[in-house]
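Peer 1: Attaching a predicted model along with its sequence, questions to come.
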Amino acid sequence: MIHKLMSMAYCAARLPGSLSYMREADRLYHSSRETMMAYQEEKARRLIRYAYHHVPYYHRIFEGIGLFEGGQLREERLPEIPILTKEILREEGANMYSDEMKSRRPYSASTSGSTGIPLTIWYDRHYMVRNRADKFFMGQLNGRDLGEPELKMWFRDFDLYQKNGKDKDRFYNFFTNRTFRLASVVSEQALKEYIDTINTVRPIQIWSNPAPIFEVSKFVLSHGIRVHCPKSIILTSNPLYDEMREAMQKAFPGTWIVDQYGGTEFGVVACSIRENRNLRIFEHSARVEVLDETGRLQPHGTGDIIITGLNNYSMPLIRYRMGDMVTVLPFGQEKEGSFGSISRVMGRRLSMLRRRDGTSVTGLHLRDLLTKPWIRTFQLIQHSYDDLEAMVVLDGTPEEHREGLDQIASQLREIMDTECRFTFCDSLSPEKTGKYFYVRSELE
């Protein structure tokens with residue numbers, strides 16, 4: 001009880017409104033479909049009106065399609081709102097920002113750039129509170145009440161957390177009863193340490209990238225180790241493949257393996273709930289559409305996911321193309337709740353690279369080494385243990401960035417125990433799905 005009170009006190013002091021938004025989400029989830037969609041429609045129209053009056057890009061675009069007449073929204077013109085792409089965001093720059101942004105307590109974050117060049121997205125406190133509430137709500141739907149022990153196993157180098165000011169999360173961790181564990185490198189010793197952490201913390205819920213938990217699961221199964229089983233393991237940032245899920249379910253019997261889909265641009269977009277594999281769309285915070293192969297927007301079907309975030313007013317993203325392919329189901333197949341469902345997310349590919357000694361390194365950890373302002377995009381390919389190739393598109397010439405390239409080569413040599421050769425390209429081709437991969441191993 002003390003931990004729940006501490007969590008609630010933290011939310012009241014540092015995230016005012018988050019608990020009421022979480023209750024609102026719960027109410028909407030348990031309401032009728034009609035109530036849910038009416039709520040979403042009203043939020044979408046409110047955001048569109050705001051964007052027209054306060055965001056230069058949208059004012060120009062909406063004027064061009066005649067979306068407003070005499071200051072009034074023309075409902076029949078809503079389907080004509082064009083798709084927003086990453087290229088448009090780069091070209092428009094500050095035209096995407098609200099003219100009230102400075103007064104809205106803005107903060108920024110950069111996307112991973114897994115479909116090209118990283119982007120900087122601006123948010124405000126209104127968004128932050130609701131995004132945090134949605135994370136609380138997702139945890140609640142999957143068995144964790146506020147204040148119950150949680151373990152976050154993450155894959156980024158901690159230096160990046162410190163550089164970005166994320167070490168302030170220690171206060172959040174203390175008050176919400178969350179333990180943070182860096183899980184970037186996979187080795188026998190590291191896996192033992194991860195398992196010791198799980199058994200010591202005994203969390204109700206684990207948050208992680210799939211790769212560390214997958215490796216832990218294989219290690220547990222191959223060595224017959226006993227490990228604490230939480231109520232749920234929530235996995236995010238990378239696709240959750242069937243072989244990963246199967247290994248986790250065997251290693252953590254009785255634990256719900258939960259898949260979550262989202263992104264830096266929007267936070268939580270969808271997640272599975274308990275033992276159900278379909279991902280439920282958080283439609284109170286995001287509107288999801290599908291761009292099919294004919295170029296038409298549909299409410300369901302298979303195609304590129306198009307998202308409108310309903311909570312960020314400092315940099316509204318309306319009909320934004322994420323760069324992932326999904327299958328959105330027609331509503332009516334759910335066992336409970338008013339939220340729609342995604343049955344498949346065919347996301348961007350990131351794999352783990354293998355060392356000669358049999359240990360692995362997560363693709364996201366390696367990707368961070370090559371994420372530089374002067375590298376427009378790249379692909380790191382492990383052809384064999386002795387052949388590691390970095391295909392890069394530079395902003396400038398190799399001679400201009402020789403020192404930085406040498407530093408990357410040195411870091412990769414230390415991590416992978418092999419030399420990395422650079423191939424300089426004018427551009428890199430996407431995969432058939434239209435996605436770029438950053439890191440790929442061709443080893444069996």
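Peer 2: Great, that's in hand.

Peer 1: ok, Glu150 - contacts?
Peer 2: By Cβ atoms under 8 Å, 6 or more residues apart in numbering, the contact list for Glu150 reads 139, 144, 176-179, 203-207. Glycine gets a C-beta too; all of them are placed from N, C-alpha and C.

Peer 1: Return the member of those residues nearest to Ser285.
Peer 2: Checking the contacts of Glu150 against Ser285 by Cβ to Cβ gives Gly139 as the nearest, at 15.2 Å.

Peer 1: Correct me if wrong: Gln298 contacts Glu289.
Peer 2: Yes - contact criterion Cβ atoms under 8 Å: Gln298 and Glu289 qualify, at 6.8 Å.

Peer 1: And the two? Which one has more around it.
Peer 2: Glu289 (20 against 14; other Cβ atoms under 10 Å).

Peer 1: Grab the nearest non-local neighbour of that one.
Peer 2: Ile306 (4.3 Å; Cβ to Cβ, 6 or more residues apart in numbering).

Peer 1: repeat for Thr264
Peer 2: Thr111 (4.4 Å).

Peer 1: ok, and the closest non-adjacent residue to Asp134?
Peer 2: Val268 (4.4 Å).

Peer 1: Relative to Glu289, how far out is that neighbour?
Peer 2: Look at Val268 and Glu289: by Cβ to Cβ, to the nearest Å, they are 18 Å apart.

Peer 1: So which residue is dead centre in this structure?
Peer 2: Nearest to the geometric centre of the chain sits Gly263, at 3.0 Å (Cα atoms, centre = their mean).

Peer 1: what's near enough to touch that residue?
Peer 2: Counting by Cβ under 8 Å, 6+ apart, Gly263 makes contact with 111, 269, 322.

Peer 1: residue ranges for the helices of the stretch 201-350 of the chain, please.
Peer 2: Counting by DSSP state H, counting those that start in this stretch, residue ranges of the helices within the stretch 201-350 of the chain are 210-223, 242-251.

Peer 1: Of these, flag the one that's most buried.
Peer 2: The highest average neighbour count among the helices of the stretch 201-350 of the chain, using mean count of other Cβ atoms under 10 Å, belongs to helix 210-223 at a mean of 21.

Peer 1: Contacts only, for the residue nearest to Thr264.
Peer 2: 118-121, 263-265.

Peer 1: Which ones among those residues lie within strands?
Peer 2: In strands, defined here by DSSP state E, the members of these are 120-121, 263.

Peer 1: quick one: low-confidence parts of this protein?
Peer 2: Applying pLDDT under 70 to the chain flags residues 112-118, 155-168, 184-186, 346-352, 362, 364-365, 376, 427-437, 444.

Peer 1: After the helix or strand encompassing Glu92, which helix or strand is next?
Peer 2: Element membership for Glu92 (DSSP states H and E) is helix 86-92. Downstream of helix 86-92, the first helix or strand assigned by DSSP H and E is strand 107-110.

Peer 1: dump the residue contacts of Phe137.
Peer 2: So Phe137 contacts 22, 25-26, 282 (Cβ under 8 Å, 6+ apart).

Peer 1: Scan those and report the most crowded one.
Peer 2: Phe282 (26 neighbours).

Peer 1: That residue and Val268 touch, don't they?
Peer 2: Yes - contact criterion Cβ under 8 Å: Phe282 and Val268 qualify, at 5.5 Å.

Peer 1: I figured Tyr438 hits Leu369, correct?
Peer 2: No - using Cβ under 8 Å, Tyr438 is not in contact with Leu369; the gap is 10.6 Å.

Peer 1: Looking at those two, which has the bigger crowd around it?
Peer 2: Between Tyr438 and Leu369, Tyr438 has the larger neighbour count (other Cβ under 10 Å), namely 24 against 18.

Peer 1: For that one, which non-adjacent residue is spatially closest?
Peer 2: Arg367 (4.6 Å).

Peer 1: The one you found: neighbour count?
Peer 2: Neighbour tally, Arg367, other Cβ under 10 Å: 20.

Peer 1: all helices for the stretch 1-150 of the chain, in order.
Peer 2: 2-14, 18-29, 33-54, 56-65, 86-92, 125-141.

Peer 1: Please name the bridge partners of the residue nearest to Asp134.
Peer 2: Gly262 (DSSP bridges).

Peer 1: Val392 and Phe282: what is the separation?
Peer 2: Val392 is 36 Å from Phe282, by Cβ to Cβ.

Peer 1: What distance do you get for Val345 to Val326?
Peer 2: Val345 is 5 Å from Val326, by Cβ to Cβ.

Peer 1: Overlap in contacts, the two.
Peer 2: Among the neighbours of Val345, those also in contact with Val326 (Cβ under 8 Å, 6+ apart) are 261, 305.

Peer 1: Run through the residues that contact Asp26.
Peer 2: With contact taken as Cβ under 8 Å, 6+ apart, Asp26 is in contact with 137, 140.

Peer 1: thinking again about what came up before, helix or strand for the residue nearest to Tyr438, which one?
Peer 2: Assigned by DSSP H and E, Arg367 falls in helix 363-370.

Peer 1: counting contacts, what elements does that helix pack onto?
Peer 2: Counting contacts by 3 or more Cβ pairs under 8 Å, 6 or more residues apart in numbering; DSSP states H and E, helix 363-370 packs against strand 375-384, helix 402-416, strand 439-441.

Peer 1: And the second one, how far out from the chain middle?
Peer 2: What it means is helix 402-416. 28 Å (Cα atoms, centre = their mean, to the nearest Å).

Peer 1: The first one now?
Peer 2: Here the centre of strand 375-384 is set off from its chain's centre by 22 Å, with Cα atoms, centre = their mean.

Peer 1: can you check stretch 268-282 too?
Peer 2: 14 Å.

Peer 1: I would like the residues contacting that stretch, please.
Peer 2: Outside stretch 268-282, the residues that touch it by Cβ under 8 Å, 6+ apart are 25, 131, 134-135, 137-138, 141-143, 232, 234, 256, 258-263, 285-286, 288, 307, 328-329, 333-335, 337, 339-343, 345.
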